[in-house]
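[1] can't give you the sequence, but here's the structure:
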Ligand SMILES: *Cc1c(COP(=O)(O)O)cnc(C)c1O
């Protein structure tokens with residue numbers, strides 16, 4: 001499949017029916033799979049052979065969709081999860097345990113911030129948060145002898161900071177750890193982090209990948225590039241025998257697929273946040289048009305951003321494609337075709353004016369969602385990020401008056417007319 005161009009892969013990758021089989025990826029709505037002998041099934045259990053036996057571990061629909069996403073990101077393998085949150089958690093927990101340390105950009109999704117700062121801390125994993133704009137020296141200084149990885153968002157939700165992936169990858173690799181990038185907002189249409197040195201990519205597929213707000217889901221993709229064996233003292237879970245799998249050593253047996261195989265064989269086996277095959281099917285429908293939708297989101301968002309920027313009812317605006325953005329240069333480097341459909345801005349009159357504006361919108365809906373076909377708005381300080389203190393909010397790049405506008409693919413004239421009339425009130 002991978003010899004095709006990107007747009008073709010969106011449609012064709014992951015599933016190639018044989019003679020007489022369904023043209024469209026079927027939903028294998030079955031928890032289990034039948035074998036003629038228990039010996040055959042035992043070989044699957046022992047990871048001696050690949051095949052299906054229980055949907056928590058593998059399912060043909062999920063596998064096809066995971067393969068497609070791996071292909072789009074340029075990775076060697078992928079695993080679907082029930083949500084983006086599960087993907088973030090698994091991607092870290094697969095190579096990091098109690099008593100160890102990670103570094104994360106502070107400009108990340110509110111749910112991920114809580115996951116790392118609160119829940120993973122309870123599990124004994126400590127994190128040092130760094131500014132996404134930190135210097136190489138500052139990043140270097142955050143390292144401890146037990147640091148296992150760096151985590152960041154390529155285009156942060158909702159602050160829209162652009163991460164200098166090359167810089168973060170360089171420092172990570174100098175210290176012998178991988179860089180994990182949440183690439184939800186740009187999608188592989190606009191940015192493929194592996195091309196800039198990232199080692200593992202995750203997504204909340206709930207957003208643009210599904211694109212129609214129908215199914216919550218996540219995915220973890222491995223580039224297969226990080227040399228776990230070279231740093232085997234740091235990653236014994238991958239490079240020494242796994243007693244819960246008859247002494248298999250993942251790097252020895254699976255090579256570049258070691259990280260993904262361990263994710264499935266250990267974490268999915270034990271924690272079980274699988275994506276349902278039905279949701280994987282819906283996700284696949286979204287992926288088929290990803291290359292058409294994302295450029296339209298960007299085109300509409302650019303027009304909306306330019307319109308907002310020139311309007312004097314707006315106090316500030318952040319859209320990295322605008323020349324006025326602090327992140328313009330980085331956005332041009334990493335996402336020359338556009339960042340995403342998401343814009344953040346503040347309205348004169350602060351928090352109160354923001355609420356009034358949102359309540360006056362007619363086309364754009366006030367929803368806890370972002371990045372789907374329909375234009376929507378959210379006030380993070382009172383919703384997704386309401387658990388955070390003002391200090392934490394600012395550290396995440398969010399001001400209390402920030403309105404996050406997710407520009408859909410409707411006619412841009414209608415979107416702007418809606419913004420105009422709501423601002424007028
Ligand atoms: C939404 C989101 C998540 C969490 O994903 P869910 O599918 O809602 O669990 C993680 N990262 C980013 C950047 C997101 O936008």
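    Yep, it's here. Just so it is clear, the model here is predicted, and its values are computed rather than measured. Numbers count the residues shown, from 1 in each chain.
[2] what residues are up against the nearest residue to residue 284 once chain neighbours are set aside?
    Spatial nearest neighbour of residue 284, excluding adjacent residues (C-beta to C-beta, 6 or more residues apart in numbering): residue 65 at 4.9 Å. Every residue, glycine included, has its C-beta placed from N, CA and C. By C-beta atoms under 8 Å, 6 or more residues apart in numbering, the residues touching residue 65 are 14, 25, 80, 280-281, 283-284, 287.
[3] If we use 10 Å, what do you get?
    For residue 65, the contact set (C-beta atoms under 10 Å, 6 or more residues apart in numbering) comprises 13-15, 25, 59, 78, 80, 205, 209, 217, 219, 275, 277, 279-284, 286-287.
[4] for residue 229, same thing?
    By C-beta under 10 Å, 6+ apart, the contact set of residue 229 is 235, 238-239, 249, 251-252, 255, 258.
[5] What does the pLDDT read for it?
    Here, the pLDDT recorded for residue 229 equals 97.
[6] quick one on the thing from earlier: quick one: the residue nearest to residue 284 from the ligand, how far?
    15 Å (C-beta to the nearest ligand atom, to the nearest Å).
[7] Over to that residue: give its phi and psi.
    Backbone geometry at residue 65, expressed as degrees, to the nearest 10, gives phi -70, psi -40.
[8] With residue 125 instead?
    The phi/psi pair for residue 125 (degrees, to the nearest 10) reads phi -100, psi 120.
[9] Surely it and residue 103 touch.
    No. If you go by C-beta atoms under 10 Å, residue 125 and residue 103 don't touch, sitting 11.5 Å apart.
[10] can you tell me the residue of the stretch 301-425 of the chain closest to the ligand?
    Distances between the stretch 301-425 of the chain and the ligand by C-beta to the nearest ligand atom are smallest at residue 370, namely 6.2 Å.
[11] so what's the nearest residue to that residue once chain neighbours are set aside bridging to?
    In space, and not counting its chain neighbours, residue 370 is closest to residue 406: 4.3 Å by C-beta to C-beta, 6+ apart. Following DSSP bridges, residue 406 is listed with bridge partners residue 342, residue 376.
[12] any idea how far the residue nearest to residue 284 is from residue 265?
    To residue 265, residue 65 is 19 Å away according to C-beta to C-beta, to the nearest Å.
[13] How about residue 93?
    Using C-beta to C-beta, residue 93 is found at 14 Å from residue 265.
[14] Check residue 303 too.
    Residue 303 is 48 Å from residue 265, by C-beta to C-beta.
[15] Compare the two (neighbour count), which wins?
    Shown here are residue 303 and residue 265; by other C-beta atoms under 10 Å, residue 265 has more neighbours (18 against 15).
[16] Around the ligand, pick out the residues from this structure.
    With C-beta under 6 Å from any ligand atom as the criterion, the chain meets the ligand at residues 83-85, 88, 109, 111-112, 153, 157, 182, 184, 204, 206-207, 216, 218.
[17] which among these end up buried?
    Buried residues within the residues of the chain next to the ligand, defined by neighbour count using 16 or more other C-beta atoms under 10 Å: 83-85, 88, 109, 111-112, 153, 157, 182, 184, 204, 206-207, 216, 218.
[18] what are the ranges of the helices in the stretch 251-400 of the chain?
    Counting by DSSP state H, counting those that start in this stretch, the stretch 251-400 of the chain has helices at residues 258-262, 269-271, 277-288, 290-309, 328-334, 350-360, 390-395.
[19] so how far is the last one off the chain centroid?
    I take that to be helix 390-395. Here helix 390-395 is found 22 Å from its chain centre; the criterion is C-alpha atoms, centre = their mean, to the nearest Å.
[20] Which is the succeeding secondary structure element to the helix or strand hosting residue 88?
    Here residue 88 sits within helix 84-93, counting by DSSP states H and E. The helix or strand immediately downstream of helix 84-93 is strand 101-105, counting by DSSP H and E.
[21] Show the subsequent helix or strand relative to that following strand.
    Using DSSP H and E, the helix or strand that follows strand 101-105 in sequence is helix 110-114.
[22] Might one say that residue 259 is in contact with residue 227?
    No. Checked against C-beta under 10 Å, the pair residue 259 and residue 227 is beyond contact range at 11.4 Å.
[23] where do the contact lists of those two overlap?
    What both residue 259 and residue 227 touch, as defined by C-beta under 10 Å, 6+ apart, is the set 178, 199, 251.
[24] What is the neighbour count of the first one?
    By the criterion of other C-beta under 10 Å, residue 178 has 28 neighbours.
[25] Surely it is in contact with residue 152?
    No. The pair residue 178 / residue 152 is not scored as a contact, 11.8 Å apart, by C-beta under 10 Å.
[26] can you list residues touching both of these two?
    With C-beta under 10 Å, 6+ apart, residue 178 and residue 152 have common neighbours 169, 172, 198.
[27] Show the buried residues in these.
    The neighbour-count test (16+ other C-beta under 10 Å) marks 169, 172, 198 as buried among these.
[28] Not counting its neighbours along the chain, what's nearest the last one?
    Nearest-residue entry for residue 198: residue 181, 4.3 Å, with adjacent residues in sequence omitted and distances by C-beta to C-beta, 6+ apart.
[29] other SSEs contacting the helix or strand hosting that neighbour?
    Counting by DSSP H and E, the element that carries residue 181 is strand 179-182. Applying 3 or more C-beta pairs under 10 Å, 6 or more residues apart in numbering; DSSP states H and E, one finds that strand 179-182 makes contact with helix 84-93, strand 101-105, strand 147-153, helix 165-174, strand 200-204, strand 218-222.
[30] that older thread, who are the contact partners of the residue of the stretch 301-425 of the chain closest to the ligand?
    Residue 370 is in contact with 109, 157-158, 184-185, 204, 206-208, 213, 340-342, 376-378, 380, 384, 404-406, counting by C-beta under 10 Å, 6+ apart.
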